[in-house]
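S.K.: take a look and give me a structure for this.
(chains A and B)
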Amino acid sequence: MNKKNSLKFTLIRGAAALGIALLVAFLLIIVSAQGNTFGAKMSNSFAALREMLISPMFRKNGSFSLKNFCDVLAGMIPILFTGLATCVMFSANQFNLGAEGGIMLGAFVTSLVAIYVKIPGPLLPIVAIAIGALSVGVMMLIPSVLKAKLGVSEMVNSLMLNYVVMYFINYLMNSYLADTSKGITQTYPYQSNALLPQMIDNGSRLSWGWAVGIVCVILVWLFMYRTRWGYSIRMAGINADFTKYSGMNTFLIIVLSQVIGGILAGMGGGIETLGRYTEYNWSSLPGYGWTGITVAILAGNNPAFVPLAAFFMSYLTKGCTLMATNAGVPAQLISIIQAVIFIFFAAKQFLSGYRQKLVVQSAQEEIAAAKAAEGGSN
Amino acid sequence: MVTIFTTDFFFSIFRIATPILFATLAAVIGEKGGVSNIGLEGIMMISALFGSLTAYWTQSWFIGLLIALIVGCGVALLMGFFAFNLKTDIILTGTAVNMIGSGGTLFLVKVITQATEGKSLASTTSLITKSLQIPSWNIPLISSIPVLGKVISGHSILTYLAFLLVWLTWVLLYRTPLGLNIRSVGENPNAASSVGVSVLKIRYITIAITGVLAGFGGAYMSMYYAMGWSLDMVAGRGFIALAAQAMGAGEPLGSMFAALIFGFAQALGIKISAMGVDSNLVAPIPYIVTIISLVIFAVVQRNNEKKRHSAEALQK
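M.R.: You can find the predicted model right below:
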């Protein structure tokens, strides 16, 4: 297939997957919308759909809503990082699902540094986030080394670690770290110089962490597509036997890809918590790891497309939140939409008939062009 | 120490191990057939929800259980369609089902209860009453044996079924033509196909069986163990089952013992937290046990292989 048709197919396939997901969403909205008559139900459904698709960007009167848009951008921050983390790990064919626990641990460790370690000025958040990120990198040594050395499933181990991390943090919070003067379980506030500066200070919590995230996207892309190690990681995902027999260090590839993934997830946790909150209060897994997997699938495991995919997911999440507040449809609809998009994007044979047609068409065009060229030379 | 290991304690091991055992048997059959169903967690959540709701609507635990099985089977077949026909990676298909199992079920329960009850519940725990609970069975004669009777009598009928299914799974896999086909498709689909086995059909049957078994697990969770559905109630049991399958070397009997180890770990955790230890400290025990036991299993297996290799080398 030539480049033009290949692009055309990718776009149409993506659009079809999104279309199906929105259709499913709309059907579920109709089921859940209030209204006694059919007409009332339909108008409520359309109002809900409008909230979901348009409100994250525009107000009721059609003008651009900067506040909502900033909310969407701010919502990208954690999933940019978990998305990148998942990209790197899945590229090496390592189905490590630990970004979920990783972002929680990263946020927690970063918070501890931000509360208790006295470091002057802007050095504090940098050190705090770095330590948070490294701690998750170390955590990922567990599933990755066990996989590389003993062949134990990294998937099961990383899932188990998510739960262990959550309970461990909750234990430390309940027993030692909680600020007991507060009604809910939360830590003491961060030192004021730990907080990340905001890009636009309108309450959206759009911190400069967003820009750091974009820089990370570029760095990870450069690493994956312009360095020897990145090449090895991708090659391990495409053909593990090839990497082995061509003498690449498979042990290091398996460990490195997951440790990098852990560092990215941990960084996301640190940046999210210092950019959005003034103290740590997560008591359950935040779900950003799972959204990160969706982001990575939407981006086709290519870091370059992660920002777009993260924007899309953040937009939908914001839309669902607005829909829940203003139209009474439960916000958890996002999980179902996410799963449907996800499964169609990952389906290799989805629209394969159409793909076949395009391949034939390009081949015929090429033959025709070749014939024309022959005819011209005679 | 004596206060921990009471008859109640050993009773609770079986009670706790039951849903894990159902899911483990699903994992065993799935892996034998080359279908790694990591969506067991999600299927259990979805089955648990629909089972408990149907039981409430029809006021019959039996119909609730039946619907839970049908829903489990249906979700599994849908997974099969995506995995086998549309060629979505089976791991990703399972992940999608788990997403729906987590947030999606909460959406559904809000919508459904709002539609039928005029209020949106975040759980169905108030709906399953004692009369809708899956019945338990006091085994005659055995229940009057001291100590042992208290441990193995009086469980839910599903608990007895789960242990019966361990044997039935073995029979299915090793004593029936279908089991032979499942194993051959799992081991070498091309070879199976070359002798006329419909690989696609066998894979669909395999995944459907995993769905039904996970459905049993889900029904047990919401209609016996927890008396109602609540968010993330399965809490990783579907994943622990995958570990139990690996620890049991993929065989029904070994995997059953692995599931019992998890039951033991969790029962111990509950006992310890009842003695005043922070529950957050004991709740992760089953997950840590999973990791450690997977490592031990891998090391043992590796050593066995080494021994076999050296024995073979000596014979030559």
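S.K.: list the buried residues in the host helix or strand of residue A:264.
M.R.: Assessed by DSSP states H and E, residue A:264 sits inside helix A:250-276. In terms of neighbour count (16 or more other Cβ atoms under 10 Å in any protein chain shown), helix A:250-276 has its buried residues at A:250, A:253-276. The way it works is simple: take the backbone N, C-alpha and C, and place the C-beta from them, glycine included.
S.K.: in which helix or strand does the nearest residue to residue A:128 once chain neighbours are set aside reside?
M.R.: Nearest residue to residue A:128 in three dimensions, chain neighbours excluded: residue A:113, at 3.8 Å (Cβ to Cβ, 6 or more residues apart in numbering or on different chains). Per DSSP H and E: residue A:113 is located in helix A:99-116.
S.K.: let's see that helix as PDB, backbone CA atoms only.
M.R.: Presented in PDB, the C-alpha positions along helix A:99-116 are these (Å, rounded to 0.1, in the frame of the first residue of the first chain):
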ATOM      1  CA  ALA A  99       1.900   2.300  35.800                       C
ATOM      2  CA  GLU A 100      -1.200   2.500  38.000                       C
ATOM      3  CA  GLY A 101       0.700   1.700  41.200                       C
ATOM      4  CA  GLY A 102       3.700   3.500  39.900                       C
ATOM      5  CA  ILE A 103       2.000   6.900  39.600                       C
ATOM      6  CA  MET A 104       0.600   6.500  43.100                       C
ATOM      7  CA  LEU A 105       4.000   5.600  44.600                       C
ATOM      8  CA  GLY A 106       5.700   8.400  42.700                       C
ATOM      9  CA  ALA A 107       3.200  10.900  44.000                       C
ATOM     10  CA  PHE A 108       3.600   9.600  47.600                       C
ATOM     11  CA  VAL A 109       7.400   9.600  47.700                       C
ATOM     12  CA  THR A 110       7.600  13.000  46.000                       C
ATOM     13  CA  SER A 111       5.100  14.200  48.700                       C
ATOM     14  CA  LEU A 112       7.300  12.900  51.500                       C
ATOM     15  CA  VAL A 113      10.300  14.800  50.200                       C
ATOM     16  CA  ALA A 114       8.200  17.900  49.600                       C
ATOM     17  CA  ILE A 115       7.000  17.900  53.200                       C
ATOM     18  CA  TYR A 116      10.000  16.800  55.200                       C
END
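S.K.: by contact count, what packs against it?
M.R.: helix A:66-91, helix A:123-139, helix A:154-172, helix A:250-276, helix A:288-298 (3 or more Cβ pairs under 8 Å, 6 or more residues apart in numbering or on different chains; DSSP states H and E).
S.K.: can you give the distance from the helix holding residue A:264 to the centre of its chain?
M.R.: 13 Å (Cα atoms, centre = their mean, to the nearest Å).
S.K.: that helix vs chain B: in contact?
M.R.: No - for helix A:250-276, no contact with chain B is found by Cβ under 8 Å from any Cβ of the partner chain; the gap never falls below 14.6 Å.
S.K.: measure how that helix sits relative to helix A:66-91, angle-wise.
M.R.: 170 degrees (axes from the mean of the first three to the mean of the last three Cα atoms, to 10 degrees).
S.K.: quick check: angle from helix A:250-276 to helix A:288-298?
M.R.: 120 degrees.
S.K.: quick check: mean pLDDT across helix A:250-276?
M.R.: Averaging pLDDT along helix A:250-276 yields 95.
S.K.: list the contacts of residue A:187.
M.R.: Residues in contact with residue A:187 (Cβ atoms under 8 Å, 6 or more residues apart in numbering or on different chains) are A:111-112, A:115, A:173, A:177-179, A:279-281.
S.K.: ok, now residue A:47?
M.R.: A:326-327.
S.K.: and with 10 Å instead?
M.R.: Under the criterion of Cβ atoms under 10 Å, 6 or more residues apart in numbering or on different chains, the contact list for residue A:47 reads A:29, A:33, A:323, A:326-329.
S.K.: list the buried residues in the helix or strand hosting it.
M.R.: Element membership for residue A:47 (DSSP H and E) is helix A:38-53. Going by neighbour count (16+ other Cβ under 10 Å), the buried part of helix A:38-53 is A:41, A:44-45, A:47-53.
S.K.: with only the CA atoms kept, save that helix in PDB.
M.R.: Only the C-alpha atoms of helix A:38-53 are listed here, as PDB (Å, rounded to 0.1, in the frame of the first residue of the first chain):
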ATOM      1  CA  PHE A  38     -39.900   9.600  24.500                       C
ATOM      2  CA  GLY A  39     -39.400  13.200  23.400                       C
ATOM      3  CA  ALA A  40     -38.200  14.400  26.800                       C
ATOM      4  CA  LYS A  41     -35.800  11.400  27.000                       C
ATOM      5  CA  MET A  42     -34.400  12.200  23.600                       C
ATOM      6  CA  SER A  43     -33.900  15.900  24.200                       C
ATOM      7  CA  ASN A  44     -32.200  15.100  27.600                       C
ATOM      8  CA  SER A  45     -30.000  12.600  25.800                       C
ATOM      9  CA  PHE A  46     -28.900  15.100  23.200                       C
ATOM     10  CA  ALA A  47     -28.300  17.700  25.900                       C
ATOM     11  CA  ALA A  48     -26.100  15.100  27.700                       C
ATOM     12  CA  LEU A  49     -24.300  14.300  24.500                       C
ATOM     13  CA  ARG A  50     -23.700  18.000  23.900                       C
ATOM     14  CA  GLU A  51     -22.300  18.400  27.400                       C
ATOM     15  CA  MET A  52     -19.900  15.500  26.700                       C
ATOM     16  CA  LEU A  53     -18.700  16.500  23.300                       C
END
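S.K.: run the angle between the helix holding residue A:264 and helix A:154-172 for me.
M.R.: Using the same axes, to 10 degrees: helix A:250-276 against helix A:154-172 is 40 degrees.
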